[in-house]
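Asks: The following comprises the amino acid sequence and a computationally predicted model.
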Amino acid sequence: MTDLKYRLAPASEMSRYCFPNNAVSGDASRCVCLIDSSTVEEINHIVHNGGLYKRPFNEAFEETPMLVAVLTYVGYGVLTLFGYLRDFMRQWKIEKCQNATEREEQKDFVPLYQDFENFYNRNLYMRIRDSWNRPICSVPGAKVDMMERVSHDYNWTFTYTGRVIKDIINMGSYNYLGFAQKTGACQEAAAKVLSQYGAGVCSTRQEMGNLDKHEELEKLVARFLGVESAMAYGMGFATNSMNIPALVGKGCLILSDELNHASLVLGARLSGATIRIFKHNNMQSLEKLLKDAIVHGQPRTRRPWKKILILVEGIYSMEGSIVRLPEVIALKKKYKSYLYLDEAHSIGALGPSGRGVVEYFGLNPEDVDVMMGTFTKSFGAAGGYIGGKKELIDYLRTYSHSAAYATSMSPPVVEQIITSVKCIMGEDGTNIGRARVQQLAENTRYFRRRLKEMGFIIYGNEDSPVVPLMLYMPAKIGAFGREMLKRNIGVVVVGFPATPIIESRARFCLSAAHTKEMLDTAHERTWKSWNRYSLHPK
Amino acid sequence: ACKTEGILILWIIRLLFSKTYKLQERSDLTLKEKEELIEEWQPEPLVPPVPKDHPALNYNIVSGPPTHIITVNGKECINFASFNFLGLLNNEKVKSAAQASLKKYGVGTCGPRGFYGTFDVHLELEERLAKFMRTEEAIIYSYGFATIASAIPAYSKRGDIVFVDEAACFAIQKGLQASRSNIKLFKHNDMADLERLLKEQETEDQKNPRKARVTRRFIVVEGLYMNTGDICPLPELIKLKYKYKVRIFLEESLSFGVLGEHGRGITEHFGINIDDIDLISANMENSLASIGGFCCGRSFIIDHQRLSGQGYCFSASLPPLLAAAAIEALNIMEDSPDIFQTLRAKCERIHKALQGISGLKVVGESFSPALHLQLEESCGSRENDVKLLKRVVDYCMNSGIALTQARYLEKEEKCLPPPSIRVVITVEQTEQELDKAASLLKEAAQSVLN
């Protein structure tokens, strides 16, 4: 197989598109023709025999308009100046300091926090702190009830009024297939297991914590994914941070995507392997790193690397992009490296039967060496899993940090996963699972299309149920979130440091439980909230 | 002056036009050579094969709930292996509180605490824990291991110094590794060794006072050590804290709900003011028979974790039914404080009964509910010791007492403890059962080790 070549749009045009010229089949190509700088027409050819992509791959990350970038920097500049002013006033006791302080007896200890570290926290984050940690008091389904809280001192402290805001359309919870329910088959099964087994386990998997329920779950998950064997863990974050160190160590190389989740980064760091970062979803960058690694070996000693592990995610939750899996697998096979795929957001959400990003691209699950995912998002439970060949899972059963030292999963949570997986697979005798997967896909397409028609800048892949809507300006982060809440819609807003400093965004998470009416309401109120603070989206 | 400026300008011109060397692409390899290298390179297999009889590979299968009477591998036994100290795993009130929560909230929270994953049960549990431990604030995590492993790196960064006991558990070791700080190990429970290290650090500080002013120092210890069953000498540690200006982080997974008159842990046991400890971390998976963990302390310290604790910010929150189970367990702990005394009495009883077994020695305090039985004499290699202890455990399992060996990752531990059998005491075990266990262990040791 020859090298995959890329043609990038010239930098003078204001969009960022990466696309492959598949030299294998010769005729397959996808190109972007720029008609003028403000509209882009995309011509897709669906790849047939032997091509890598069996369906169109439409991903867009419109570059920040220059004016908006400048205004955003100015906004942050003003906030920083005010921040210094307020710090000055606090230091000279002109303004009351609301921060918690060190004990009198420990005032001569080395300070626990550096003043500068907390600058962002005190002066920027504190202003819009009410956009996060919003407490809810009902099941996190399509509609949710929230506890009303007010602050009389600009978000330093909150008090609960006691009132409950009912029926907020929930576009912030990761409830892709709508399994967050308080009634239904899953909840009843979980209740039964809870009364039989209790809530906790009080032991680790390797000692006395391996229940028959865990074995049942693992066999089912392996069958669901189409792999030989699987192992389940109590926390998705810990699945990454405790198993990557078991797989790679010193002398190995990890190639990690720029925008990987904190758990993957922590796992990679704890392993002791060398880490190299490739540009987000950029196959050219990945190939260059692979080539350089094998040709030049380890730095300084020039010894060959023991193994190379590529870390990617199925759906990136801040960008809404889907990994270019066919190309990654082609590269991994060519350069004999191993692939670790984190399907936290894509399992259950992509693919005609909800089997994840591997099924979405029509690929063979055996090509992915380590298939990792979580049960929190599409299954309405908690925990994570790793699936792969039997040798891999046997090794993890013996050497995973979680198996030896961490308590195993709670039985009612396990039962919730078992019931929801069976539902998605159709093994419970109903069509509910299939219908939900289809509903999610329809909701995704409809929602994204309507928002784009309204003129908003939306990032990510057309098929991704995570929809980031760009806000850019720091002032809009808090304002947009509050306006949407006033109109009874709950969205998630994110800014620095979770995103680059000028790319703050609001994020909608779609669910199969959302009806068309809810989506239309969401559209209308997004438009109204946006217009409250600016003239036109573009 | 003109001459020096002229030489400087010539030097700059020379530098601008000289070749730059990129460190990585030093080579002049041809394309063909590169392709050959790529062809030839063979990686190791992703994982080495694991022998089929590896002791950690074949798990015990527990059918049904892991309560007082447990069915392991098809055989019904009395449970001496699960950390269910207060017997709350099977408690009907706890289960019905969890059921009520399940009916109201479903199972999962579908998001991290920052994004609509904060439920009123979480806030209630945090308040209750803070009130119970008599601190200002508490923060809960959804996984016990992640609690201390996220708390330590939130405060201690590269360049800071942490003094940690050798027998610290694996979660603490991972937290320290993630923090990238300088780790100084002191001998287990040896305050003289710790003081020596602190004095050495003091002399270092005097050489470089500017650096010393910004280097944070911490001591990390456990209340009751998981690996040895010992208690840490907290009063002496407090004295060292104020003498050398070091902060103390206390890990109380085994001592929370066990030590102290009301189960508040080692600070209540020694009668120490809880504000003297900077951070107390514990998991809710032992005495509280739920899942997850918490940290408690002053708001000044705990609030920082809400933005810097990785396991808190980047992970889904604790399922509400488990939080409700923990709240109910706390209620029971507050309503019946005599269970702690009962538990301690049972621990003393079995500690005494297990003395004098030929071939096995008891490791742990007399009031510790998690003891270790180690071989008095090793048979040469760790592998053989493990096999011998397995035979003792199997003998006991066949006669109706469920025991387990303490499991470690041998290559990953900093100071690997010797192989041992874990004996766990719970309030649900009757005196006859305790005596039966002790006599069975004596028999097993006789038959296997002699």
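Replies: That came in fine, so what should we check first?
Asks: pLDDT score for residue 48?
Replies: If you meant another chain, say so; for now it's chain A. You'll see A:H48 listed with a pLDDT of 32.
Asks: The chain in question should be chain B.
Replies: 92.
Asks: Likewise for A:R7?
Replies: Per-residue pLDDT puts A:R7 at 34.
Asks: got it, and A:Y76?
Replies: 89.
Asks: Setting aside sequence neighbours, what's the nearest residue to it?
Replies: Once its chain neighbours are removed from consideration, A:Y76 has its nearest residue in A:P474; the separation is 5.8 Å (C-beta to C-beta, 6 or more residues apart in numbering or on different chains). Every C-beta, even on glycine, is put in place using the N, C-alpha and C of the backbone.
Asks: The stretch 151-300 of chain A: helices as residue ranges?
Replies: Remark: helices of the stretch 151-300 of chain A, listed N- to C-terminal, are A:185-197, A:212-225, A:236-247, A:262-271, A:283-296; assignment by DSSP state H, counting those that start in this stretch.
Asks: Deepest in the core, which of the ones you listed is it.
Replies: Among these, judged by mean count of other C-beta atoms under 10 Å in any protein chain shown, the one packed with the most neighbours on average is helix A:236-247 (a mean of 27).
Asks: Report the central residue of the chain.
Replies: Picking chain A for this. With distances taken as C-alpha atoms, centre = their mean, A:S317 lies nearest the centre of chain A, 2.7 Å away.
Asks: To clarify, I was referring to chain B.
Replies: B:A171 (4.1 Å).
Asks: got the buried residues for the longest helix belonging to chain B?
Replies: Secondary structure assigned by DSSP state H gives helix B:431-449 as the longest helix of chain B. By neighbour count on 16 or more other C-beta atoms under 10 Å in any protein chain shown, the buried set for helix B:431-449 is B:433-434, B:436-438, B:440-442, B:444-445, B:448-449.
Asks: Which of the residues you listed sits closest to chain A?
Replies: B:A437 (14.7 Å; C-beta to the nearest C-beta).
Asks: measure the closest one to B:V393 for me?
Replies: With distances taken as C-beta to C-beta, to the nearest Å, B:A437 is found 12 Å from B:V393.
Asks: Overlap in contacts, these two.
Replies: When contacts are counted by C-beta atoms under 8 Å, 6 or more residues apart in numbering or on different chains, B:A437 and B:V393 have no shared neighbour.
Asks: coming back round to it: where does the residue nearest to A:Y76 land on pLDDT?
Replies: Value for A:P474, per-residue pLDDT: 87.
Asks: And the one 10 residues further on, by the same measure?
Replies: At A:M484 the predicted local confidence, pLDDT, stands at 92.
Asks: List the beta-bridge partners for B:I219.
Replies: Beta-bridge pairing for B:I219 (DSSP bridges): B:F163, B:I248.
Asks: Correct me if wrong: B:S447 contacts B:C396.
Replies: No: counting by C-beta atoms under 8 Å, B:S447 stays clear of B:C396, with 10.9 Å between them.
Asks: quick revisit: among the buried residues of helix B:431-449, which one lies nearest to B:L375?
Replies: Nearest to B:L375 among the buried residues of helix B:431-449, counting by C-beta to C-beta, is B:L449 at 7.7 Å.
Asks: is it true that the residue nearest to the centre of chain B touches B:Y143?
Replies: No: B:A171 is not in contact with B:Y143 according to C-beta under 8 Å; the separation is 9.9 Å.
Asks: related to what we said a few turns ago, where does the residue nearest to the centre of chain B sit relative to chain A, distance-wise?
Replies: Spatial separation of B:A171 from chain A under the definition C-beta to the nearest C-beta, to the nearest Å is 7 Å.
Asks: quick one: what helix or strand has that residue in it?
Replies: Applying DSSP states H and E as the criterion places B:A171 in helix B:170-179.
Asks: so what's residue 198 up against?
Replies: Using chain A here. A:411, B:65, B:67, B:89-90, B:94-95, B:289.
Asks: Chain B, not that one
Replies: Residues in contact with B:L198, defined by C-beta under 8 Å, 6+ apart, are B:163, B:240, B:243-244, B:246.
Asks: same thing but at 10 Å, please
Replies: With contacts defined as C-beta atoms under 10 Å, 6 or more residues apart in numbering or on different chains, the neighbours of B:L198 are B:161, B:163, B:184, B:186, B:217, B:219, B:240-241, B:243-246.
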